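Student: What follows is a predicted structure for the sequence shown.
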Amino acid sequence: MKLTKTQLKQIIKEELESVLKERDGETPQDVATRMLNIPDFYRQDALGDFEAMAAAKPGDEDDRAIGEFSSYYPHIAKEDLPYFAQQVLDCVADPDSEKCTGDLIPGL
């Protein structure tokens, strides 16, 4: 079966939308659990991204980490992304902590 460029672009677009919808509503605990289940090599790289996002100043939309992660977590307000990232890092460091229960950012 041959695919045209248009068909291939449509398939890619649908798959990307599907992946992004899977993340819609993800809590810091959900992300931490996912992070703990990936191979260590990839986890360290991903944790570095979360560290960069956590270090960003809230409301600094020009920050590259904020801009990049806002598309991955559209249900999180941009100004809350640094807090979200820090909560993910805290939950990865200590998944059984009381910090990792319930809604960590009001409104999530």
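Tutor: Received, thanks. Numbering: from 1, shown residues only.
Student: Mind telling me what element Q86 is part of?
Tutor: Per DSSP states H and E: Q86 is located in helix 81-93.
Student: Would you quantify the distance from D40 to R64?
Tutor: In this structure, D40 and R64 are 25 Å apart, going by CB to CB, to the nearest Å. Any C-beta I mention is one placed from the backbone N, CA and C, and that applies to glycine too.
Student: who has more neighbours, those two?
Tutor: With neighbours defined as other CB atoms under 10 Å, D40 and R64 compare such that R64 has more, 10 against 7.
Student: and the gap between the more buried one and A93?
Tutor: Computed as CB to CB, the R64 to A93 distance reads 24 Å.
Student: can you check K9 too?
Tutor: From K9 over to A93 the distance is 41 Å, taken as CB to CB.
Student: for D45, same thing?
Tutor: In this structure, D45 and A93 are 17 Å apart, going by CB to CB.
Student: What mean pLDDT does whichever strand or helix holds Q10 get?
Tutor: Per DSSP H and E, Q10 falls inside helix 5-23. Averaged over helix 5-23, pLDDT sits at 69.
Student: Could you do stretch 44-52 as well?
Tutor: 89.
Student: follow-up on the earlier one: buried ones in the next helix or strand after the helix holding Q10?
Tutor: Next helix or strand after helix 5-23 toward the C-terminus (DSSP H and E): helix 28-36. Using 16 or more other CB atoms under 10 Å as the test for burial, helix 28-36 gives P28, Q29, V31, A32, T33, M35.
Student: From L8, how far out is the third one?
Tutor: If I follow you right, that is V31. From V31 across to L8, the span is 30 Å (CB to CB).
Student: for the fifth one, same thing?
Tutor: Computed as CB to CB, the T33 to L8 distance reads 33 Å.
Student: got it, and the last one?
Tutor: Separation of M35 from L8 (CB to CB): 31 Å.
Student: I'd like to know how many residues surround K9.
Tutor: 11.
Student: Numbering from 6 from now on, please.
Tutor: Sure thing, new numbering starts at 6, so read that last one as K14.
Student: which residues does it contact?
Tutor: Going by CB atoms under 8 Å, 6 or more residues apart in numbering, K14 touches no other residue.
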